[in-house]
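**Student:** This is the structure alone, sequence omitted:
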């Protein structure tokens, strides 16, 4: 039914001035509420980045986007999962928890910290990586570990996937930063991602 | 022009009580409609995941997100394209359609089903994969095929990219599940993704 | 406080017919504005695709999504960064800017143009790629370079990441198309992505 038809249908009822005034007040409150909070689904200024591969170039892209989004007033959340969890390890930190054989083996095989992560292509046993790092220095581009420090200092939220950390035998006290990085599950990621504006799987 | 200026400008016109009452009725209907359906673009509770690489670890991440999103009340759609289409094959199913030489060759080269997919890194001819699978069992994490079964049972919608299936010579009757998986194109993906809240390319 | 309670509280004030008419006019303007522009955050019909890996199969997926989204009335923006920047190079174009040794070395190692990009899996030194290209021809699927031409002709916006182009020593006058592709930074990407509906990292 069209608005006009519905109005015509209801025009038959006479309205007292008081009833009309009350209805107008109700409309005012509702319209102000609509204008203030918006209706239905509202997106928040949140950017969620899933760091999965942990490869140096992909981490680099992730932190460029994270720091850029932060500078544009977004709340930025990075979720480190699977291979990328190793990139958050601090080479100088000595974890306190005793590890089993497999945990130590995996720990040895995975690169420690962001700067040691391999390239996703043309890594050539680290040669391509050296080449790329040299070229980036020539161009005056920040090192990856500097981008990570900037992100932490400026307030990017770093989250560690608890299940991945368990599987790879990585403990929270081995990670970069003194205050640690909170461990979370898929529900935390989804809660943030569903409310936000941009979600990337990197 | 500001709202105040526009109101002042129009204040000159006298309004009859009946006309005012009719206008208030129209406003009521419109405001109720705005409050009910929302205005402009509304996002729906939909999560769309493009599974492209078909690597074991990426599929694992995709199904963890899918099952998590479903548990949080989202409608979840997974679109299997390119290499990931092979991960939906059921090793025990015998396709009825006769295949050409190239189709059979590609079919032999691609892994059958999710548990046989390789790791995206450190696969080492399957050794890294075995290692990882053993470690996940130690941690009490479900196998990938169990996550797939859960997803199907709980109502995650699985879609197969028709073009990819054609190219790789995969037929719908070779896939997991009795009721088959619907084949679709890019338009189906975009229609779902554009309406939804989270879209990931995995 | 509920709407009813707030209305009751304010019902005490008497309202003159003129004041009531003025309030109704204000409501009309505000409601029309709400219905027209929507409230709060509005998503625009924009799709943003970050092309990162530059692998043939991933570029293919990106251009299929881009052309599909365009056909569905979306404004489509593709952002080429890192390895994918090489895919925009035109083999026949001769750049005018003199390059240093490292820039020339990187330039030689990266594939020129979309059709020469390697597969992300089973590339086997180009053999797997040939195999795939042959199979796609059998299925009547367009070549990647044809999809790129279609995208350009139909109005997909192509952007080049300035930092990546600098690092890899790629100049804008080496790229496909006569009118060039605009170089941009992460802020341009985020501005488009934050307003849009779908963002993929491919």
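**Tutor:** Happy to help now that I have it. Computed from a predicted structure; not experimentally measured.

**Student:** The longest helix along chain A - contacts with which helices or strands?
**Tutor:** The single longest helix within chain A, with elements called by DSSP state H, is helix A:17-37. Helices and strands touching helix A:17-37, by 3 or more C-beta pairs under 8 Å, 6 or more residues apart in numbering or on different chains; DSSP states H and E, are helix B:17-37, helix C:3-10, helix C:17-37. Quick note: C-beta positions are derived from backbone N, CA and C, even for glycine.

**Student:** buried ones in the last one?
**Tutor:** Okay, so that is helix C:17-37. C:20-31, C:34 (16 or more other C-beta atoms under 10 Å in any protein chain shown).

**Student:** Quick one: mean pLDDT for it?
**Tutor:** The pLDDT scores in helix C:17-37 average 81.

**Student:** show me where pLDDT drops low in chain A?
**Tutor:** For chain A, the stretches flagged by pLDDT under 70 are A:1-14, A:37-41, A:93-96, A:178, A:180.

**Student:** And the helices in it?
**Tutor:** Applying DSSP H to chain A gives helices spanning A:3-11, A:17-37, A:56-71, A:101-109, A:127-138, A:144-154, A:162-168, A:186-195.

**Student:** Deepest-packed of those helices, please.
**Tutor:** helix A:56-71 (a mean of 23; mean count of other C-beta atoms under 10 Å in any protein chain shown).

**Student:** Tell me what angle that one forms with helix A:127-138.
**Tutor:** Using axes from the mean of the first three to the mean of the last three C-alpha atoms, to 10 degrees, the inter-axis angle of helix A:56-71 relative to helix A:127-138 is 30 degrees.

**Student:** what packs against helix A:56-71?
**Tutor:** strand A:46-51, strand A:75-80, helix A:144-154, strand A:198-201, helix C:186-195.

**Student:** of all those, which lies closest to residue A:186?
**Tutor:** Closest to residue A:186 of the helices and strands packed on helix A:56-71 is strand A:75-80 (C-beta to C-beta; 9.0 Å).

**Student:** and that closest one, how far from the chain's centre?
**Tutor:** For strand A:75-80, the gap between its own C-alpha mean and the chain's C-alpha mean amounts to 2 Å (C-alpha atoms, centre = their mean, to the nearest Å).

**Student:** Can you list the helices and strands that that strand packs against?
**Tutor:** strand A:46-51, helix A:56-71, strand A:157-161, helix A:186-195.

**Student:** repeat that with 10 Å
**Tutor:** strand A:46-51, helix A:56-71, helix A:144-154, strand A:157-161, helix A:162-168, strand A:182-184, helix A:186-195, strand A:198-201 (3 or more C-beta pairs under 10 Å, 6 or more residues apart in numbering or on different chains; DSSP states H and E).

**Student:** Parallel or antiparallel, which strands does it pair with?
**Tutor:** If you go by DSSP bridges, strand A:75-80 pairs up with strand A:46-51 (parallel), strand A:157-161 (parallel).

**Student:** quick one: contacts of the shortest one?
**Tutor:** Right, the one you point to is strand A:157-161. Here strand A:157-161 makes contact (C-beta atoms under 10 Å, 6 or more residues apart in numbering or on different chains) with A:46, A:48, A:50-52, A:66, A:70, A:75-82, A:84-85, A:88, A:148, A:151-152, A:167-168, A:170, A:172, A:175-177, A:180-186, A:188-189, A:192, B:61, B:64.
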